[in-house]
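> here is the input, now give the coordinates:
(chains A and B)
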Amino acid sequence: MADDRKSTLEVELTEQEPAGSTAERPSGGRISRRSFLSHLGAAGIAATASPVLGATAAPAAPPVEQAAETVAPAGAIPVTLKVNGKSHALQLDPRTTLLDCLRENLNLPGTKKGCDHGQCGACTVHVNGQRVNSCLSFAVMHSADEITTIEGIGQPDHLHPMQAAFIEHDGYQCGYCTSGQIMSAVAVCSEPVGPSDDDVKQAMYGNICRCGAYPNIIAAVQAGRRFA
Amino acid sequence: MQPFQYSQPSTVDQAVQAGSRSKTAQQYADVRFIAGGTTLVDLMKLDVERPGQLVDINTLPLAQIQSAPGGGLVIGALARNSTVAHHAVVQRDYPVLSEALLSGASPQLRNMATTAGNLLQRTRCVYFRDTAHACNKREPGTGCSAIDGHNRMLAILGTSKDCIASNPSDQNVALTALEASIQVRGPKGTRSIPIHEFYVQPGSTPSRENVLEPGDLIVSVTLQAAVAGSRSHYLKLRDRAAYEFALASAAIVVKLDGSRIEYARVALGGVGTVPWRSREAEHLLQGHTANEATFRKAAEAALKDARPASENGFKVELAKRCIVRALTTTTQAA
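Below is the predicted model:
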């Protein structure tokens, strides 16, 4: 029964996907979690109130991130951001953090929002090769910068050695902090960090893992450093 | 977050001009300079700062670290904390500054935070950061929630009946021991302010934290030439080994002549409302033999005027032991 429902829902949502919206869809025609959630966000109340989920899910509204890209909010100013080697001309409310811009305007949700106050490291990206907390910076401040996100260092069919090392060493549990961990770990490879596990702990303490996968994270970073 | 106008001046003078339109350079300044953003963006999200205009100074040519004519080092306002900490001259001549910087925040934050921004780092007092609570520093005249509240992290030196917020910076403690000076460009020109004259203790006006006026832009910090033969060190004590603010810290600069202390500078962090210079401790060190009895006497003098609140009495002894241990380490080094 549960399986039937799931497949009904998938079919429903797949049919509602706007034409050309392939960025969020992994290969194989299945929708991603984010795509699913952005539909559910619009239809959430109706869907949860209905006994037959498939019948009411997802009205014909475009995903949130697409709307944000095309409609400039009041007070928006123009900014061009170079992210993962590609330039993007945007109209942004100056209050937009680099983190929110990446996720909501540029459809790069690999960078995660944890604390949103520079305390957890989930939002770590590289700006001009240096790791930073993207939640504590306004996007409009980065027009002259080269920004790299987790999407820019590797892809499922062509992983960065550090991504491969995290998989090999099971350097996560829930995975929410992982992209920030990996972005920090890649930066560590070009920072003056000593060879020991204690050195890695010192270099990685700006990335919190609430699951406590630290031993495996350290093993992954050590393994990834050997290939970087 | 409140809406704001954003501008990016192309010269220091333009920045100063934009800043001079602010009614104040202190709490709730309506025009704020933004550099790394690690303090300001955080506080804007909390509604603790509500500037109507942000002046982005990141493209100004203020990031250089250069030798000063006649010895010493001039650190540009925009030099990132990580850059300063790993700078060869800083590591060689001013290790206390490198150690202090590397003991603070996280690698990511140090890549963003700047020298001048760190000078202006705001307190981590939870009541200052929470607009639901009374705070004389944030809203003058509303009272201090910390004095009878959760004050374990807060100051025991330089407090007043209106505020016990501690200065959270590590960098500024090292700069105090190094007797750094701060160069400020303002509407009336450039001036140099010794760091011990830069910060203002809370008294009855805790919302004023330093001597800056509207339009004043910190352009550099100057370290005088390191005292020949001196050693320096920063010791930070905290609840965990990394990524935490100091309960007590000590920045030490000493020069020995045999076993006699010829020169000593002592500054404390985590315990003061401002980065805390202890001339009393220095007085009891200089000219005396470097041993534990001398260090303990100096430590007692440094904390003589401590006035703990309900939860931070432990800091008095902790700070004393911090001083003794930091002096022991420094005088035993190589």
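> can we go C-alpha only for contacts and neighbour counts from here?
OK.
> can you pull the buried residues of stretch A:84-94?
Using 16 or more other CA atoms under 10 Å in any protein chain shown as the test for burial, stretch A:84-94 gives A:Leu90, A:Gln91, A:Leu92, A:Asp93, A:Pro94.
> do the same with stretch B:207-217
Buried, per 16+ other CA under 10 Å, within stretch B:207-217: B:Ser207, B:Arg208, B:Glu209, B:Asn210, B:Leu212, B:Glu213, B:Pro214, B:Gly215, B:Asp216, B:Leu217.
> domain assignment for the chain?
In the absence of a named chain, chain A is used. A:2-65, A:72-153, A:161-227 (automatic domain parsing).
> that's the other chain; I wanted chain B
B:5-56, B:231-332.
> the buried residues of stretch B:207-217: which ones sit near chain A?
Among the buried residues of stretch B:207-217, proximity to chain A is found for none (CA under 8 Å from any CA of the partner chain).
> residues near the one residue in chain A that gets nearest to chain B, how many?
Residue nearest to chain B within chain A: A:Val132 (4.3 Å; CA to the nearest CA). Using other CA atoms under 10 Å in any protein chain shown, A:Val132 has 30 neighbouring residues.
> residues touching B:Ala68, list them.
B:Val74, B:Thr222 (CA atoms under 8 Å, 6 or more residues apart in numbering or on different chains).
> am I right that the residue of chain A closest to chain B sits in a strand?
Yes - counting by DSSP: H, G, I helix; E, B strand; the rest coil, A:Val132 falls inside a strand.
> so the residue of chain B found nearest chain A, which state does it fall into?
Residue nearest to chain A within chain B: B:Gln108 (4.3 Å; CA to the nearest CA). Assigned with three-state DSSP, B:Gln108 falls in the helix class.
> pLDDT score for it?
Note on B:Gln108: pLDDT of 98.
> for A:Cys189, see how far away it is.
Note on B:Gln108: its distance to A:Cys189, by CA to CA, to the nearest Å, is 14 Å.
> and what of B:Ala225?
Distance from B:Ala225 to A:Cys189, by CA to CA: 34 Å.
> end-to-end on stretch A:168-187?
Start-to-end, stretch A:168-187 (CA to CA) is 19 Å.
> and the contacts of it?
By CA under 8 Å, 6+ apart, stretch A:168-187 touches A:110-112, A:114, A:121-126, A:129-131, A:149-150, A:162-163, A:165-166, A:204, A:207-209, A:211, A:213-221, A:225, A:228.
> point out where the chain drops to low pLDDT.
Chain wasn't specified; assuming chain A. Scanning chain A for pLDDT under 70 picks out A:1-73.
> should've been chain B
In chain B (pLDDT under 70), the answer is B:333-334.
> what does it have sitting close to chain A?
Of all the residues in chain B, those lying near chain A are B:1, B:3-6, B:36-38, B:41-42, B:56, B:58, B:105-109, B:111-112, B:242-243, going by CA under 8 Å from any CA.
> go through those residues and flag which are in helices.
B:Val41, B:Asp42, B:Pro107, B:Gln108, B:Leu109, B:Asn111, B:Met112 (DSSP state H).
> ok, so of the residues you listed, who is nearest B:Gln332?
B:Gln332 has its nearest neighbour among these in B:Pro107, at 29.4 Å by CA to CA.
> if anything else comes up later, I'll come back, but that's it for now.
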